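Undergrad: Make a model of this:
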Amino acid sequence: MQKAEDLVRARIVQKRLEADDIVSVLLRGEGSGPLPSHEAGAHIDLHLGEGVIRQYSLCPSSGKDGEYEVAVLREPQSRGGSRAVHDLLQVGQVIDISVPRNHFPLKSCKGKVLLFAGGIGITPILAMAEECVRRGQPFSMHYCARSADRMAYARRISEGAVGPHCQLHYDDGPDSQKLDLAAVLQAPGPDDALYVCGPAGFINWVLETAAANGWTEAQLHREFFAAPEIDAGQDSAFTVRLARAGRDVQVAPGVSIVEALDAEGVMVPVSCSEGICGMCVVSVLDGEPEHRDFVLSAEEHARNDCLTACCSRAKTPVLVLDL
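TA: Alright, predicted model coming up:
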């Protein structure tokens, strides 16, 4: 459940086919001035009706400042989000959206930035590439897709300032243009940084290859669009202690912290329910979380002072939360 003050009204002013099964939606603030500013890597929630809320990364808008653009892939196994964007949203329609949140920021870098996009993962990566151009940051970008007709923003990339820094790779193209990842990632400089977004298999391939070539965890940054499957068959029950409310809530196997709290009338804002958006992060005062999210950093996991209540669990019998 999202707080009303975190929502803004936006009108759809353009909807365009960017590639096979990918549409972009351009949003403009409705009645309250320009939409809030944001940095590369940020995402918003789209409220799509009937309780459907989905997170989409913000593309660099081809329109005016104060407008937002998202691009959405039609998913065959859609739970309602991509189907609603493709089939139901219309130009002129007004919808609720969240203010931007950013768990995938482009940090200042003394070395070179390497950007990798797989499929629809181009949305935050292109925003980062254009930001690198503005900063004068040395960078290179590799964009992989199944085929040229499934590559969103390809013309914009090739004809724009990002073009000289980018290589496009197609699964169905000749071997000569396919991504030689090991060669690209060899001999990293100590101040280099890597950012990757796309399907889980693509992200894992990039990260594992980077680690094998000497990249450190601190140099690696990723954003998942869907959480990889986790085996919950060995889940155990535990107790959540609400420090401010002075209550204990039991969390059974197969039940999330959010679900257990909701059943007791305690509301935690939640959206994705997969640990990829960060809306449900709460502070941990005592106990050790079992982190199952894909949004908090390795450093945040190591500190154990917060968790994503939608999917993470406890390694200790009791977990004390700042609720």
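Undergrad: what about the spatially most central residue of the chain, distance to P124?
TA: The residue lying closest to the centre of the chain (C-alpha atoms, centre = their mean) is E223, at 4.7 Å. To P124, E223 is 6 Å away according to C-beta to C-beta, to the nearest Å. (Each C-beta comes from the backbone N, C-alpha and C, glycine too.)
Undergrad: residues shared between the contacts of these two?
TA: Shared contacts of E223 and P124, defined by C-beta atoms under 8 Å, 6 or more residues apart in numbering, are found at 41, 57, 104, 197.
Undergrad: re the thing from before, so which strand or helix has the residue nearest to the centre of the chain?
TA: Applying DSSP states H and E as the criterion places E223 in strand 220-224.
Undergrad: what's that strand packed up against?
TA: Where contact means 3 or more C-beta pairs under 8 Å, 6 or more residues apart in numbering; DSSP states H and E, strand 220-224 is packed against strand 193-198, helix 200-212.
Undergrad: Quick one: mean pLDDT over the first one.
TA: Strand 193-198 shows an average pLDDT of 98 in the prediction.
Undergrad: mind showing which ranges of the chain have poor pLDDT?
TA: 1-5, 32, 61-64, 79, 227-233 (pLDDT under 70).
Undergrad: tell me the residue furthest from the middle of the protein?
TA: G246 (34.1 Å).
Undergrad: Please list all residues in contact with L296.
TA: Contacts of L296 (C-beta under 8 Å, 6+ apart): 103, 278, 281, 306-308.
Undergrad: how near is the residue nearest to the centre of the chain to V99?
TA: For E223 relative to V99 (C-beta to C-beta), the value is 18 Å.
Undergrad: sec struct for A161, please.
TA: coil (DSSP: H, G, I helix; E, B strand; the rest coil).
Undergrad: what's near enough to touch the closest residue to it other than its chain neighbours?
TA: Excluding the flanking residues, the one nearest A161 by C-beta to C-beta, 6 or more residues apart in numbering is V133, at 4.6 Å. If a contact means C-beta under 8 Å, 6+ apart, then V133 has 161-162, 165 as its contacts.
Undergrad: Which single one of those is nearest to C109?
TA: H165 (14.2 Å; C-beta to C-beta).
Undergrad: residues near the closest one, how many?
TA: 17 (other C-beta atoms under 10 Å).
Undergrad: Over to A152?
TA: Counted with other C-beta under 10 Å, A152 comes out at 27.
Undergrad: returning to what we had before: pairing partners for the next helix or strand after the strand holding E223, with directions?
TA: Using DSSP H and E, the helix or strand that follows strand 220-224 in sequence is strand 238-242. Note on strand 238-242: by DSSP bridges, its sheet partners are strand 247-251 (antiparallel), strand 318-321 (parallel).
Undergrad: a markdown table please, covering the ones you listed and showing distance to I12 and mean neighbour count.
TA: Shown next, in a markdown table, are the strands paired with strand 238-242 (distance: least, C-beta to C-beta, whole Å; neighbours: other C-beta atoms under 10 Å):
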| stretch | distance to I12 | mean neighbour count |
| --- | --- | --- |
| strand 247-251 | 40 | 16 |
| strand 318-321 | 38 | 20 |
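Undergrad: Would you mind splitting this structure into its domains for me?
TA: 4-98, 113-224, 238-321 (automatic domain parsing).
Undergrad: Within the helices and strands, which one has the residue nearest to A161?
TA: helix 122-135.
Undergrad: Please point out which parts of the helix or strand following that helix sit buried.
TA: Next along the chain after helix 122-135, taking DSSP H and E as the criterion, comes strand 139-145. By neighbour count with 16 or more other C-beta atoms under 10 Å, strand 139-145 contains the buried residues 139-145.
Undergrad: any idea which of those residues is closest to G51?
TA: A145 (32.1 Å).
Undergrad: any idea how far L73 is from that closest one?
TA: From A145 over to L73 the distance is 11 Å, taken as C-beta to C-beta.
Undergrad: joint contacts of the two?
TA: With C-beta under 8 Å, 6+ apart as the test, A145 and L73 both reach G119.
Undergrad: Tell me, how many residues neighbour A193?
TA: Count around A193 with other C-beta under 10 Å applied: 23.
Undergrad: and it, what does it touch?
TA: Applying C-beta under 8 Å, 6+ apart to A193 gives the contacts 107, 109, 111-114, 219, 221.
Undergrad: mind redoing it with 10 Å?
TA: Going by C-beta atoms under 10 Å, 6 or more residues apart in numbering, A193 touches 106-115, 137, 139, 215, 218-221.
Undergrad: Please, a ChimeraX command that selects the buried ones among the residues you listed?
TA: Those of the contacts of A193 that count as buried under 16+ other C-beta under 10 Å are selected in ChimeraX with:
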select :106,109,112,113,114,115,137,139,215,219,220,221
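Undergrad: Okay, and which of the contacts of A193 map to strands?
TA: 113-115, 139, 220-221 (DSSP state E).
Undergrad: Tell me which two in those residues are the farthest apart.
TA: F139 and L220 (15.4 Å).
Undergrad: I'd say L261 and V249 touch.
TA: Yes: using C-beta atoms under 10 Å, L261 is in contact with V249, at 5.9 Å.
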